[in-house]
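K.L.:
Sequence plus predicted model, see below.
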Amino acid sequence: MQIITDAIQSFSFPPCAATIGCFDGVHRGHQYLLQQVTEVARQEGLSTALITFPVHPRQVMQSDYQPQLLSCLPQKTNLIQSLPGDYCIMLPFTHELSCLTAREFMQFLHQQYNVRTLVIGYDHRFGHNRSEGFEDYCRYGEELHIKVVQAQALTEENISISSSVIRALLKEGNITQANHYLGYSYYLDGTVVNGYKVGRKLGFPTANLHPSCPDKLIPAEGVYAVYTYIEGQRYKGMLNIGCRPTVHNGTNRSIEVNILDFSGDIYHKQMRIEFQHFIRKEQSFPNLDALIEQLKEDRNTVSELLTL
């Protein structure tokens, strides 16, 4: 899929079937939506276009808004590029754009991107104040010569797969279900930074991750089995997210991974962590010996759960 990074007037779009949204996480629900767009385009002899935003619209409207993203822009772009389709349009969201009514916005899509068919996500609303719905979009479409189609949701066990559902799962530590809905393992990218070196003293040296995307959602505090990627190599890892209450770390939350069967200086190197299993919640132990015994059990559990 070709990524169009700005709304350049010189680019001439062929007639297309399009859909629009934030596509945070580019999960299986989004992929199902794009399949429907592709099918409509095939039936009508059109190109396909996915229209999204490089910055979350609420960040433009509310300067203090802190999104908890499933995928920051580079990650979202990489995920989208792997999908079938013709164009992904990164539409800069502006205050001027936010003031357009739904009809004005549809007219903009028609004139700027040659949208002939607009496939609306099952729960998606757009336009100023998002006060209008699917019937309104259909009426405007008739006036503007745009066919409007409502997409079906991807549901499993009566749950519609959506970004909000996946965020809720990650916040409660349900990695298995979140990964199932995503269609891939949730991950964090970042740089290895200096920590308090407490793990080394306990016999479990850790690499502390500073996430590259400050707006990306950090899963629930606790211990996880993860895959750790450093310089193209994959390792088993025991990850802890939290404030390490046993060593009285205060409220300073850390993301630190004990990399199994690994030694070496990786400070300031890039690291990716892929979440696989939630092991247990973070807890306070009566003393360091009790903590060490639990860490030994956790490491055994991680080693058994993961394969290389």
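P.N.:
Sure thing, it's come through.
K.L.:
in its sheet, what does the one helix or strand Lys236 maps to sit against?
P.N.:
Secondary structure assignment for Lys236, by DSSP states H and E: strand 233-242. Counting by DSSP bridges, the strands paired with strand 233-242 are strand 222-230 (antiparallel), strand 254-259 (antiparallel).
K.L.:
and that strand, average pLDDT?
P.N.:
On average, the pLDDT along strand 233-242 is 95.
K.L.:
mind saving the C-alpha coords of it as PDB?
P.N.:
Output in PDB follows, covering the C-alpha atoms of strand 233-242 (Å, rounded to 0.1, in the frame of the first residue of the first chain):
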ATOM      1  CA  GLN A 233      18.300 -11.400  17.900                       C
ATOM      2  CA  ARG A 234      15.400 -12.800  19.900                       C
ATOM      3  CA  TYR A 235      15.600 -13.800  23.600                       C
ATOM      4  CA  LYS A 236      13.300 -15.100  26.300                       C
ATOM      5  CA  GLY A 237      12.600 -12.400  28.800                       C
ATOM      6  CA  MET A 238      10.900 -12.000  32.300                       C
ATOM      7  CA  LEU A 239       9.500  -8.500  32.300                       C
ATOM      8  CA  ASN A 240       8.300  -6.400  35.300                       C
ATOM      9  CA  ILE A 241       6.200  -3.300  35.000                       C
ATOM     10  CA  GLY A 242       5.700  -1.400  38.300                       C
END
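K.L.:
and that strand, which residues are buried?
P.N.:
Applying a neighbour-count criterion of 16 or more other CB atoms under 10 Å, one finds 235-242 buried in strand 233-242. (Glycine included, C-beta is placed from N, CA and C.)
K.L.:
which among the residues you listed gets closest to Asn174?
P.N.:
Proximity of the buried residues of strand 233-242 to Asn174 was ranked by CB to CB; the top entry is Ile241 with 14.3 Å.
K.L.:
how close does the closest one sit to Leu97?
P.N.:
37 Å (CB to CB, to the nearest Å).
K.L.:
got it, and Gln107?
P.N.:
As defined by CB to CB, Gln107 lies at a distance of 13 Å from Leu97.
K.L.:
can you give me the strands in the stretch 151-300 of the chain?
P.N.:
Assigned strands in the stretch 151-300 of the chain, in chain order: 155-156, 159-160, 187-193, 207-211, 222-230, 233-242, 254-259, 270-280 (criterion: DSSP state E, counting those that start in this stretch).
K.L.:
Export these as a markdown table, with columns for distance to Asp298.
P.N.:
As requested, these are exported to a markdown table (distance: least, CB to CB, whole Å):
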| stretch | distance to Asp298 |
| --- | --- |
| strand 155-156 | 31 |
| strand 159-160 | 30 |
| strand 187-193 | 19 |
| strand 207-211 | 16 |
| strand 222-230 | 5 |
| strand 233-242 | 6 |
| strand 254-259 | 9 |
| strand 270-280 | 6 |
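K.L.:
To Thr176, which of those strands lies closest?
P.N.:
Closest to Thr176 of the strands of the stretch 151-300 of the chain is strand 270-280 (CB to CB; 6.8 Å).
K.L.:
Extract the CA atoms of the closest one and return them as CSV.
P.N.:
In CSV, the C-alpha atoms belonging to strand 270-280 read as follows (Å, rounded to 0.1, in the frame of the first residue of the first chain):
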residue,chain,number,x,y,z
GLN,A,270,17.4,-0.2,20.8
MET,A,271,15.2,-3.0,22.2
ARG,A,272,11.8,-4.3,21.4
ILE,A,273,9.6,-6.2,23.9
GLU,A,274,6.8,-8.4,22.7
PHE,A,275,4.2,-9.4,25.3
GLN,A,276,3.3,-13.1,25.4
HIS,A,277,1.8,-14.1,28.8
PHE,A,278,0.8,-12.4,32.0
ILE,A,279,2.5,-14.2,34.9
ARG,A,280,1.3,-12.4,38.0
